[in-house]
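> generate coordinates for the sequence data below:
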Amino acid sequence: MPPRSTPHGGETERAGTARRRAGRLAACAAALAVAFTAGAVVLGTGSGDPATTASVPATAPQLLAGGDLTAQISGDLTARISALQSHLRAQPKDFTSWATLGVAYVEQARTEGDPSRYPQAERALDRSLSLRPGNDPALAGRAALAAARHDFRGALRHAERALAENPYNERALSSRIDALVELGRYDKALRDADEADARRPGIPVFTRYAYVQELRGDVPAARRVLRRALASATAPGDVAYVATALARLAWQQGEYGTALKHFARALGADPAYVPALEGRARAQAAGGETAEAIRGLEQVVARYPLPGPLVELGELYEAEGEQGKAREQYDLIDAWTGLARANGVNADLDTALAAADHGDRKAALRAARAEWSRRHTVHTADALAWALHVNGRDKEALPYARRAASTGFRDATFLYHRGLIEHATGDTAAARRSLESALRLNPGFSPVGSRVAREMLAGLGGAR
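This next block holds a predicted model:
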């Protein structure tokens, strides 16, 4: 075989890379699209009832009851969905089970990165409401579905309708808080979290209350609430969910050893819990365990090719000089985005952040502007600031970068973005402060961003 340095060898290598990239893209599309046909045995393609009459235990409708589905593990969800499907073949007029199935599909879409589950969820919830108009489990399910699709105004509307029917519906109380947070209405979200705690205290409300406190800059309060929630958790899914929330909070503060301990507890409860697997890899990368982090993220994106871990893995490859492998990850984000939009998901925030760093900068700005027109949160402010920056519009960007910090929320990526924007506007003193703050808060916040921040600080004469 000719050596790789010859023209023929170079062409062979490039062809192999192209084939691998095409294969990865095809696998991604297949993984995300396969569920278009899954579940048709129950939902079908028309409006008829399921035809089969399999015998199942009478307790099947309770299989998903009594807990927050955000805390349920994926393996359990698959089994529970199968049981619900079998039950509904035998009892097609059970409106409560149709609502439960719809919510289960929403959670399966979230945990598996599979937006093609959302149309199935919608059909199941519609079936429930056709059997019993105005039933609060289905209305709460619609709120969860709307939130998953990033239609937060719709989520708030459906949650309010569910609570008008049943003021104690836990899922509706939780979805209302989620919607208010994602609309940037943080003060109202805190009041509603207090109200939800009075009505239905428990892990779903505790974790949301903690996140609202974190967004308001009160990290100690967030940590206290999450610790109490973890102490009260008994189900494996609840333990994995809360321990991961505590780990993520620790990682945000640069406490990598603590984060890894919490991730280990989460994975001890559920070895397949994807948020914990992803978070552990991020903490390993931040702590310098690059090889372990890459292996972990490769396993995550092979199963669930979501934008967050794809970007993280791509940047780790970049840091290791593997530009071709990095580009494959960024291309997969486009595949995910296309499928998400095809299934009713507003993916503008994901698109804006990924494209600003690794794609079409003009598309990033269009997406960020579109998202800002819908909701004013600290995250959309940061995304719009960064999209404006990469398009050379730094004077416009700076007010949005400042707004991202207006609630007291501290995020190293936000500080990094602000520092680069301040530097581009000529305010080197402010840039130095922001970049030093980013690295002091979370020195391993990004495989690429952390390096850039250090290099820029070296040029500015600041601490590194």
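> contact partners of stretch 413-433?
378, 382, 385-386, 389, 394-395, 397-398, 401-402, 404-405, 434-435, 437-438, 441, 445-446, 449, 452-453, 456-457, 460-462 (C-beta atoms under 8 Å, 6 or more residues apart in numbering). Using the backbone N, CA and C atoms, a C-beta is placed for each residue, glycine as well.
> packing partners of the helix or strand harbouring residue 96?
Element membership for residue 96, per DSSP states H and E: helix 95-112. Packing partners of helix 95-112 (3 or more C-beta pairs under 8 Å, 6 or more residues apart in numbering; DSSP states H and E): helix 74-90, helix 117-131, helix 136-148.
> could those helices go into TSV alongside mean neighbour count?
Converted to TSV, the helices and strands packed on helix 95-112 look like this (neighbours: other C-beta atoms under 10 Å):
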stretch	mean neighbour count
helix 74-90	19
helix 117-131	22
helix 136-148	27
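> contacts only, for residue 304.
Residue 304 neighbours (C-beta under 8 Å, 6+ apart): 111-114, 274.
> any chance of the residues you listed in TSV, plus pLDDT and neighbour count?
Listed next are those as TSV, based on pLDDT from 0 to 100; neighbours: other C-beta atoms under 10 Å:
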residue	pLDDT	neighbour count
111	72	20
112	72	20
113	67	24
114	76	25
274	88	22
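> among those, which pair sits farthest apart?
114 and 274 (11.6 Å; C-beta to C-beta).
> quick revisit: ok, so of the contacts of residue 304, who is nearest residue 140?
residue 111 (18.7 Å).
> separation between that closest one and residue 127?
23 Å (C-beta to C-beta, to the nearest Å).
> follow-up on the earlier one: go through the helices and strands packed on helix 95-112 and find the least confident stretch.
Mean pLDDT is lowest for helix 74-90 among the helices and strands packed on helix 95-112, at a mean of 85.
> distance from the chain centre to that helix, please.
Relative to the chain's own centre, helix 74-90 is displaced by 24 Å; criterion: C-alpha atoms, centre = their mean, to the nearest Å.
> point out the other helices and strands that that helix packs with.
helix 40-43, helix 95-112.
> which among these is found nearest to residue 121?
Per C-beta to C-beta, nearest to residue 121 of those: helix 95-112, 3.7 Å.
> quick one, that closest one and helix 136-148 angle?
Counting by axes from the mean of the first three to the mean of the last three C-alpha atoms, to 10 degrees, helix 95-112 lies at 20 degrees to helix 136-148.
> ok and helix 95-112 relative to helix 74-90, angle-wise?
150 degrees.
> so which bits of helix 95-112 are buried?
Residues of helix 95-112 classed as buried: 95-112 (neighbour count, 16 or more other C-beta atoms under 10 Å).
> just the CA atoms of the helix or strand residue 214 falls within, as CSV, please.
For residue 214, the element it lies in under DSSP H and E is helix 203-215. What follows is helix 203-215, C-alpha atoms only, in CSV (Å, rounded to 0.1, in the frame of the first residue of the first chain):
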residue,chain,number,x,y,z
ILE,A,203,-38.8,16.1,44.9
PRO,A,204,-40.3,17.6,41.8
VAL,A,205,-41.0,20.8,43.5
PHE,A,206,-37.8,20.8,45.6
THR,A,207,-35.6,20.5,42.5
ARG,A,208,-37.4,23.3,40.7
TYR,A,209,-37.2,25.5,43.8
ALA,A,210,-33.5,24.9,44.0
TYR,A,211,-33.0,25.9,40.3
VAL,A,212,-34.9,29.1,40.7
GLN,A,213,-32.7,30.0,43.7
GLU,A,214,-29.6,29.2,41.6
LEU,A,215,-30.8,31.5,38.8
